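S.K.: Pasting a predicted model and its sequence here:
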Amino acid sequence: MGVRTNRSMDALAAKAIHGKTVLRKWLLNVFGISSLRKRIVVFLTAGILGCSVLMAAVSYNAISTMQQNKIKTSMAFDLYQQSMKLTQIYNNLLQVTQQMTPEGNVGHLMESYSSASDSYSRYLLKLNISYNIGLITFSNPAMELVMYYSPEDKQAAYANLPLREDFAMRALPNVAGYADIQYQPPHLSLCRFSDDQVVSVTREIAFSDGTRKVIYVEARSDIATDINALSNSVNMPYVLVLTDREGEVRYSSNQEVFAPGRSLVLKGTSGTTDGYLWNRAESENGYGMTLLLPVTSYNHELYAWKNHMFLILGLALLIMLSIALLLLRLINRPLRMFESEMEALGQGHMDAMSYRTGISEFDRLFDQFDHMKRQIQQLIVDVEQKEKRRHQLEIEKLAYQINPHFLMNALNSVRWLAVMHRQADIDKFVSSLIFLLNYNLGKSQETATLRTETKVMRAYLDLQQMRYDFEVKLDLVEGSYLDCPVARFILQPIVENAVCHGLDEHGKLEISISPDEAAHIATVVIRDDGKGLSQEMLVLLRREAPDPPDPQQTGWGIGLRYVRSMLKSFYGDEARLHIDSTPSLGTTVTMHLPYGKENAM
């Protein structure tokens with residue numbers, strides 16, 4: 001039963017696949033959409049129609065939701081900005097009142113002023129008070145009137161600006177406060193020469209002699225200007241209201257709609273009341289700030305926006321249809337041109353053709369295609385030239401192998417002539433020279449180790465001591481580190497620099513080679529007592545070798561450049577080479593070489 005069921009399911013699946021294949025072929029035959037051009041037409045038409053229906057179905061809900069969210073978000077953001085700005089002004093004013101308390105700098109001076117007996121001291125203290133208040137207000141350009149007010153005689157004990165003749169402290173409305181501190185909403189400045197809207201803070205204090213004063217500070221407020229600018233920018237009549245803890249209106253940007261003294265008790269952060277959409281924020285100082293918008297204005301903006309959106313949707317559909325027809329024409333023509341070029345390439349035509357369709361993507365495609373044809377032609381030429389060059393290199397390689405081989409045979413002949421004629425010095429000289437040439441030309445079978453490098457250096461010094469009269473002191477610490485692989489030919493160039501450019505006729509050359517078993521580092525120190533190097537030459541030699549080489553690096557520079565290159569190639573950044581020199585005292589070259597590695601060249 002199980003086998004029979006599986007066979008039935010396989011048969012049904014095969015029939016379904018066959019049915020889909022037949023249907024696809026039937027659609028292709030009926031509608032004739034086998035070509036790319038026809039498929040583009042069909043797919044673009046179907047896509048545009050589908051998108052249009054979908055956009056028409058969801059546009060109303062989407063537009064409505066977006067506009068509502070936009071207006072509410074904008075109201076919340078604008079309210080937040082105004083709330084933060086007003087809170088910042090109140091905080092600045094509160095800091096100024098703190099400076100004017102007896103514990104503050106200005107308050108301390110004011111207390112001294114009150115207790116001063118002679119007129120001259122009071123005059124100096126008054127100047128000092130004015131100076132300190134000027135310092136405080138200088139940091140806040142919006143601040144205007146600052147004064148001490150005496151509630152007993154209802155006069156200002158001190159003010160930085162002239163007061164209005166009809167001012168009354170107790171007539172100022174309070175929007176919030178606690179203890180002896182009260183916050184006043186926007187009102188007309190108490191300064192005689194100012195018509196600005198300001199917010200103020202009053203603070204009752206008592207001096208040490210029992211005298212009670214009221215500190216009054218005010219700062220210019222742009223709340224009314226900001227609300228008017230906001231209303232004009234979006235063409236909607238916003239209203240900003242400040243209420244106290246009991247919900248009583250203390251300030252309104254439009255007193256005809258919400259007059260001061262009216263009760264406006266709202267719960268939450270947003271909602272609708274009396275035909276107004278509102279958003280509310282509670283200040284940390286205890287007052288409430290509410291931004292209101294008439295519902296009629298809100299709906300009018302919503303309807304206007306929807307009409308504009310439907311108009312844009314209709315225009316977008318027309319533009320999409322036009323673009324679809326244009327795309328069909330722009331794509332079909334370059335594809336036909338590219339098809340003909342491919343057929344020509346298949347027939348062996350390599351000639352480059354310049355096509356400009358006006359579409360950067362197709363132009364780049366044709367340029368790459370022409371570049372590919374030129375590369376194929378160049379590859380054919382390169383293969384022929386490489387074959388000729390390979391043959392030439394084989395001939396040159398044979399010549400390079402013959403020349404050193406001839407030189408070594410000639411030197412061996414000279415050596416044996418010296419042996420036959422019992423010329424021991426010549427025999428020793430030529431033997432050392434043959435050893436050096438064998439090692440430097442790579443003919444020697446010896447591996448490059450610190451021991452072989454020392455042997456090569458010793459052979460070179462033997463040759464030079466036959467010509468020059470100088471002393472060599474070699475301090476070599478024996479150990480297994482001498483048999484570890486090192487970079488080839490790194491000691492002789494340093495010694496050669498010391499002999500040829502550093503030592504005098506009867507100089508002394510000291511060479512020290514020792515290991516640091518703990519750090520696995522071999523230290524090579526080569527020191528001469530010659531004429532030394534100038535500061536300019538020392539700076540030039542310490543500089544990393546440029547590529548290409550600096551033409552000023554001759555003599556010392558060439559050898560050091562080679563040694564640095566070998567150390568860099570063999571050790572990477574682990575090896576170190578340092579050179580020190582003092583004029584008339586000599587030069588010291590120090591190398592720190594890691595050992596115990598298996599990275600010989």
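M.R.: That came through fine. Fair warning: this is a prediction, and the values are worked out from it, not measured in the lab.
S.K.: Going along the chain, name the helices of the stretch 201-350 of the chain.
M.R.: According to DSSP state H, counting those that start in this stretch, the stretch 201-350 of the chain carries its helices in the segments 223-234, 295-346.
S.K.: ah, wrong one, I meant the stretch 401-550 of the chain
M.R.: Under DSSP H, counting those that start in this stretch, the stretch 401-550 of the chain gives helices at 424-440, 450-465, 492-497, 535-542.
S.K.: The last one - what's its average pLDDT?
M.R.: So that's helix 535-542. Averaged over helix 535-542, pLDDT sits at 84.
S.K.: do the same with the shortest one
M.R.: This predicted structure assigns helix 492-497 an average pLDDT of 86.
S.K.: Same check on the second one?
M.R.: Predicted confidence along helix 450-465 averages 84 (mean pLDDT).
S.K.: remind me, longest helix of the protein?
M.R.: Criterion DSSP state H: the longest helix present in the chain is helix 36-100.
S.K.: which other helices and strands contact the helix or strand that that one is followed by?
M.R.: Using DSSP states H and E, the helix or strand that directly follows helix 36-100 along the chain is helix 105-115. When contacts are defined as 3 or more Cβ pairs under 8 Å, 6 or more residues apart in numbering; DSSP states H and E, helix 105-115 packs onto helix 36-100, helix 119-138, strand 155-159. (C-beta placed from N, C-alpha, C; glycine too.)
S.K.: Quick check: buried residues in helix 105-115?
M.R.: If you call a residue buried by 16 or more other Cβ atoms under 10 Å, then helix 105-115 has these buried ones: 105, 106, 107, 108, 109, 110, 111, 113, 114.
S.K.: Need the CA coordinates for stretch 71-83. CSV is fine.
M.R.: This file holds the C-alpha atoms of stretch 71-83, laid out as CSV (Å, rounded to 0.1, in the frame of the first residue of the first chain):
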residue,chain,number,x,y,z
ILE,A,71,1.0,67.6,12.4
LYS,A,72,1.0,65.9,15.8
THR,A,73,4.8,65.2,15.6
SER,A,74,5.4,68.8,14.5
MET,A,75,3.3,70.2,17.4
ALA,A,76,5.1,67.9,19.9
PHE,A,77,8.5,69.0,18.6
ASP,A,78,7.7,72.7,18.5
LEU,A,79,6.3,72.5,22.0
TYR,A,80,9.4,70.7,23.2
GLN,A,81,11.6,73.4,21.7
GLN,A,82,9.7,76.2,23.3
SER,A,83,9.6,74.4,26.7
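S.K.: For that stretch, which outside residues touch it?
M.R.: Contacts to stretch 71-83, defined as Cβ atoms under 8 Å, 6 or more residues apart in numbering, come from residues 223, 226-227, 230, 234, 238, 240, 270, 277, 279-281, 283, 289-291, 293, 298, 301-302.
S.K.: The same query, at a cut-off of 10 Å, please.
M.R.: For stretch 71-83, the external contacting residues (Cβ atoms under 10 Å, 6 or more residues apart in numbering) are 222-223, 226-227, 230, 234, 236, 238, 240, 269-270, 277-284, 287-293, 297-298, 301-302, 305.
S.K.: okay, the helices of the stretch 401-550 of the chain in TSV with mean neighbour count and distance to residue 478 next?
M.R.: Below are these laid out as TSV (neighbours: other Cβ atoms under 10 Å; distance: least, Cβ to Cβ, whole Å):
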stretch	mean neighbour count	distance to residue 478
helix 424-440	17	21
helix 450-465	19	9
helix 492-497	21	20
helix 535-542	14	32
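S.K.: closest to residue 173 out of those helices?
M.R.: Shortest separation from residue 173 across the helices of the stretch 401-550 of the chain is recorded for helix 535-542, at 78.8 Å, computed as Cβ to Cβ.
S.K.: Tell me what angle the helix or strand just after that closest one forms with helix 535-542.
M.R.: Next along the chain after helix 535-542, taking DSSP H and E as the criterion, comes helix 556-571. Angle, helix 556-571 to helix 535-542, by axes from the mean of the first three to the mean of the last three Cα atoms, to 10 degrees: 20 degrees.
S.K.: Next, format the buried residues of helix 105-115 as TSV and append pLDDT and distance to residue 593.
M.R.: Listed next are the buried residues of helix 105-115 as TSV, based on pLDDT from 0 to 100; distance: Cβ to Cβ, whole Å:
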residue	pLDDT	distance to residue 593
105	83	70
106	84	74
107	83	76
108	84	74
109	84	76
110	81	80
111	80	80
113	80	82
114	76	85
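S.K.: Nearest to residue 587 among those residues?
M.R.: residue 105 (68.5 Å).
S.K.: how much space between that closest one and residue 201?
M.R.: 18 Å (Cβ to Cβ, to the nearest Å).
S.K.: One more: residue 369?
M.R.: Taking Cβ to Cβ, one finds residue 369 at 78 Å from residue 201.
S.K.: Compare the helices of the stretch 401-550 of the chain and report which one is nearest to residue 147.
M.R.: Of those, nearest to residue 147 by Cβ to Cβ is helix 535-542, at 70.6 Å.
S.K.: which strands and helices sit next to the closest one?
M.R.: helix 556-571, strand 576-582, strand 586-594 (3 or more Cβ pairs under 10 Å, 6 or more residues apart in numbering; DSSP states H and E).
S.K.: tilt between the second one and helix 535-542?
M.R.: In other words, strand 576-582. 170 degrees.
S.K.: list the helices and strands strand 576-582 packs on?
M.R.: Using 3+ Cβ pairs under 10 Å, 6+ apart, strand 576-582 sits against helix 492-497, strand 521-528, helix 535-542, helix 556-571, strand 586-594.
S.K.: Would you mind putting these into TSV with distance to residue 313 alongside?
M.R.: Output for those, formatted as TSV (distance: least, Cβ to Cβ, whole Å):
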stretch	distance to residue 313
helix 492-497	82
strand 521-528	78
helix 535-542	74
helix 556-571	68
strand 586-594	74
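S.K.: wait, isn't residue 184 in contact with residue 285?
M.R.: No. Taking Cβ atoms under 10 Å as the definition, residue 184 is not a contact partner of residue 285, at 11.6 Å.
S.K.: shared neighbours, those two?
M.R.: 90, 175, 176, 177, 201.
S.K.: Let me see the contact set for the second one.
M.R.: Applying Cβ under 10 Å, 6+ apart to residue 175 gives the contacts 86, 90, 182-186, 199, 242-245, 248-251, 283, 285-289.
S.K.: Apply 8 Å and report the result again.
M.R.: 183, 184, 185, 242, 243, 244, 250, 251, 287.
S.K.: Considering the residues you listed, which is situated nearest to residue 461?
M.R.: residue 183 (95.0 Å).
S.K.: Helix or strand: which one has the closest one?
M.R.: strand 181-188.
S.K.: What residues sit buried inside that strand?
M.R.: 181, 182, 183, 184, 185, 186, 187.
S.K.: Using the record's assignment, carve this protein into domains.
M.R.: Here the domain assignment for the chain is 1-28, 32-348, 350-445, 454-594, based on automatic domain parsing.
S.K.: ok, and what's touching stretch 526-539?
M.R.: Counting by Cβ under 8 Å, 6+ apart, 491, 494-495, 498, 501-504, 507-512, 541, 556, 579-590 sit against stretch 526-539.
S.K.: Thanks a lot, see you next time.
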